[in-house]
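Novice: When you get a sec, could you give me coordinates for this:
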Amino acid sequence: MSSYPLVAREPRRWLSSVWFVILLGPPIGEILMLWLLVEYPLTIALFLSALPVAYRIGFVPALMVGLSDRWLAKRGKGVRFRLLTGMMLGATTGLLPVVPLYTLGVVQGLYPAIFCLVSAAAAFLSLAIHAISQRHFR
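Specialist: I've put the predicted structure just below:
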């Protein structure tokens, strides 16, 4: 028998902000992108056929936004600050797939920069849904 009391650790939540953003960010971004590109009707077949591409393009930005949100949450930052930081980081990382295309001269103009807006909105929405599900907003 040990004289030290057992310290109960807080159970890890399997659905932390990292997993929440990774699972919800790319589909939200896909829906927003299809909506902005005026792809009507938005059917299940269209959604499912574009889902692998959405995860291929949006996995790294979603991972970076989720990790930064978890890091900020551990440091005790507020929900509004985390939402704003996640949105700005989402906008920045949303340009990652487009930068090589701009440098090679494959694309021109500002139309491909729509990834920036879509990833910022997807990061904001997925983090906001996570905050609401964790009851951070009263």
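Novice: going forward, measure contacts between C-alpha atoms and count neighbours the same way
Specialist: Noted.
Novice: Considering only helices and strands, which part of the chain has the lowest mean pLDDT?
Specialist: Across the helices and strands of the chain, mean confidence by mean pLDDT, DSSP states H and E is lowest for helix 99-104: a mean of 88.
Novice: which residues touch that one?
Specialist: 107-108 (C-alpha atoms under 8 Å, 6 or more residues apart in numbering).
Novice: what helices or strands is the biggest helix by length in the chain leaning on?
Specialist: Ranked by residue count and defined by DSSP state H, the top helix of the chain is helix 44-74. Contact partners of helix 44-74 among helices and strands, from 3 or more C-alpha pairs under 8 Å, 6 or more residues apart in numbering; DSSP states H and E: helix 17-36, helix 79-93, helix 114-133.
Novice: closest one to Ala62 among these?
Specialist: Among the helices and strands packed on helix 44-74, helix 17-36 comes nearest to Ala62, with 5.1 Å by C-alpha to C-alpha.
Novice: Give me the buried stretch members for that closest one, please.
Specialist: Within helix 17-36, the residues scored as buried using 16 or more other C-alpha atoms under 10 Å are 17-18, 20-34.
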